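Novice: quick one: sequence and predicted model below, then my questions.
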Amino acid sequence: WRHLKLRTRLEEALLWSSICGSGLWKVTWDRGEGKKVTVVADESGVPVIHPAGHPIRPQETTLAQVLRAASYRTGHFGKWHLGSVQKDGTSTPGKCGFDEWVSAPNFFDLGPVLSDRGKATQFRGDSSDVTADLAVSFIRACAKQKQPFLAVVWFGSPHAPHKALPADSRPYADRPAAEREFLGEIAAMDRAFGRVRAEIKALGLTDDTILWYCSDNGALPKLGSSGDRRGNKGQVYEGGLLVPALLEWPARYPKPLVISEPCVTSDMYPTVLEWTRARAEQQPPLDGVSLAPLLDGRAAARAKPIGFWNHPTPGVGTPSKEWMDELLAEQAAGREPSDPKRLFSDAGKITTRYPLDKFPGHAAWLAGSWKLHRIERAKADPVKWELYDLTTDPKEARDLFASDPKRVEKMQKELTAWLESVVRSLNGEDYPAR
């Protein structure tokens, strides 16, 4: 990352989900003495076990809602992938707490059509540049008004089919075509991230701005790098979960830090709430923990283990280009589309009651360096268990399940209790009465 003189590196950062959609669900976040900090978040609020495309439930409490109630100006720019971006949609960024939003229902490429608070708008140029320009405009306006803000910046790239500007892919001309476009997209995203950071500096906001970056899933099977870990995007092994994560807040952390303790995107919400002293009126149970004790040196380990669950429920298709091109054409003709599927009209309806004794799919429980896998592939198959010590076996190649029965028994009980808690949440039992 050529633009970032590293302040804090979260070395063992993990995504709650191994795919982009569910990973994004994890972030939707004054200093003392009455000072307020501004927050810029990238590529990463609430847990769900379903794959990409499913909408966020309107019953959830998001970071944007909590911070807006605490007098922050909130903005979302780029990939949404948590529901509708039409003005009458159920789970739009606006209904999730964002004052300003220019968003897409999924990833987007060159010359995108984005939804500006429900109005389809054509943009030109690389998708990352477009997203950065929107974020910079928002940040400038907030700075002019001396308004604390939350800017959530979710780039659409890199994402297949990978389309880079010729100038960005040209330095990689000796690479295969697919890799060339992939690297070109990363170059553009790097430039865009640098632009946002440079603007924060130019506005004199660096010291009192939390800048938090992470990716949203592990590497693809044939592109990028999983750090030689097992698995890739879509899997619960480390190659599908480990991501780069950087945090910068010079006023609080002036010297470079490296945090080796496992951290997860679920931790962002409670961490930022602790830093900003903002509080939800009715806070449902949280999976994450505040990282402030680790970052401040007040703790050597995280407060509780981390759970993962890749449920076999199919994803929901959200073809951004198709939907946004059609929205642009319909609005130009004076019509507003009302397809319930694109409005995600049933986002808040709980129609399925999940059982508390079946947990299909691949789940895992990470306690320190020990990771227990629970794999329930089919109704007739017995549950498969695997245990790895990531300190000595980061590739998850030596299964120790049979050799450490006491540890296995303890972790199995903890994982089962966590899976039951997730099911209760899915069934709506954690939502406060409204």
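Specialist: Nice, thanks for sending it over.

Novice: so who does the closest residue to Ser128 other than its chain neighbours touch?
Specialist: Distances taken as C-beta to C-beta, 6 or more residues apart in numbering put Ala192 closest to Ser128, at 3.8 Å, once the chain neighbours are dropped. Heads up, the C-betas are built off the backbone N, CA and C, glycines and all. Neighbouring residues of Ala192 by C-beta atoms under 8 Å, 6 or more residues apart in numbering: 126, 128-129, 131-132, 155.

Novice: ok so Ala192 is a strand residue?
Specialist: No. Applying DSSP: H, G, I helix; E, B strand; the rest coil, one finds Ala192 to be helix, outside a strand.

Novice: numbering from 27 from now on, please.
Specialist: Fine by me, first position is 27 from now on; the one you just mentioned is Ala218.

Novice: so for it, what's the pLDDT?
Specialist: If you check Ala218, the pLDDT there is 96.

Novice: could you do the one 10 residues further on as well?
Specialist: For Ala228, the pLDDT comes out at 97.

Novice: now do the helices in this protein.
Specialist: 46-50, 89-95, 153-170, 192-195, 203-228, 264-267, 294-302, 318-322, 346-358, 366-369, 431-452 (DSSP state H).

Novice: which of the residues in the second one are buried?
Specialist: It refers to helix 89-95. 89-94 (16 or more other C-beta atoms under 10 Å).

Novice: now swap in the fifth one and tell me
Specialist: Burial within helix 203-228, assessed by neighbour count using 16+ other C-beta under 10 Å, is assigned to 205-219, 221-223, 225-226.

Novice: what do you get for the last one?
Specialist: By neighbour count, and taking 16+ other C-beta under 10 Å as the criterion, the buried residues in helix 431-452 are 433-434, 437-438, 440-442, 444-445, 447-449, 451-452.

Novice: helices or strands next to it in the packing?
Specialist: strand 332-336, strand 387-393, strand 396-402, strand 410-415 (3 or more C-beta pairs under 8 Å, 6 or more residues apart in numbering; DSSP states H and E).

Novice: pairing partners for the shortest one, with directions?
Specialist: Strand 332-336 has its sheet partners listed here by DSSP bridges as strand 387-393 (antiparallel).

Novice: the partner strand to strand 396-402, inter-axis angle?
Specialist: 160 degrees (axes from the mean of the first three to the mean of the last three C-alpha atoms, to 10 degrees).

Novice: got the angle between strand 387-393 and strand 410-415?
Specialist: Using the same axes, to 10 degrees, the inter-axis angle of strand 387-393 relative to strand 410-415 is 30 degrees.

Novice: who touches strand 387-393?
Specialist: Applying C-beta under 8 Å, 6+ apart, the set of residues contacting strand 387-393 is 40, 75, 261-262, 288, 331-338, 397-402, 416, 437, 440-441, 444-445.

Novice: list buried residues within those residues.
Specialist: 40, 75, 261-262, 288, 331-337, 397-402, 416, 437, 440-441, 444-445.

Novice: low-scoring pLDDT stretches of this structure, where are they?
Specialist: 27-77, 406, 459-460 (pLDDT under 70).

Novice: still on that earlier bit, of the buried residues of helix 431-452, which is the nearest to Gly137?
Specialist: Nearest to Gly137 out of these is Leu452 (C-beta to C-beta; 38.6 Å).

Novice: how near is the closest residue to the closest one other than its chain neighbours to Ser447?
Specialist: Excluding the flanking residues, the one nearest Leu452 by C-beta to C-beta, 6+ apart is Tyr380, at 5.3 Å. From Tyr380 across to Ser447, the span is 12 Å (C-beta to C-beta, to the nearest Å).

Novice: ok, Gly341 - how many residues close by?
Specialist: A total of 13 residues lie near Gly341 under the criterion other C-beta atoms under 10 Å.

Novice: how close does it get to His107?
Specialist: 10 Å.

Novice: tell me the contacts of Gln112?
Specialist: With C-beta under 8 Å, 6+ apart, Gln112 has these contacts: 118, 141, 144, 353, 362-363, 368-369.

Novice: same thing but at 7 Å, please
Specialist: Contacts for Gln112 (C-beta atoms under 7 Å, 6 or more residues apart in numbering) come out as 141, 144, 353, 363, 368-369.

Novice: can you map out the strands along the stretch 227-376 of the chain?
Specialist: Along the stretch 227-376 of the chain, the segments classed as strands by DSSP state E, counting those that start in this stretch run 235-240, 271-274, 283-285, 289-290, 332-336.

Novice: could you export the last one as PDB, CA atoms only?
Specialist: Coordinates of each C-alpha in strand 332-336 appear next as PDB, following Å, rounded to 0.1, in the frame of the first residue of the first chain:
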ATOM      1  CA  ILE A 332     -14.900 -15.800  17.300                       C
ATOM      2  CA  GLY A 333     -17.600 -17.900  15.600                       C
ATOM      3  CA  PHE A 334     -18.000 -18.500  11.800                       C
ATOM      4  CA  TRP A 335     -20.900 -20.200   9.900                       C
ATOM      5  CA  ASN A 336     -21.300 -20.600   6.200                       C
END
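
Novice: how far off centre is that strand?
Specialist: When distances are taken as C-alpha atoms, centre = their mean, to the nearest Å, strand 332-336 is centred 14 Å away from the chain's centroid.

Novice: much appreciated, bye for now.
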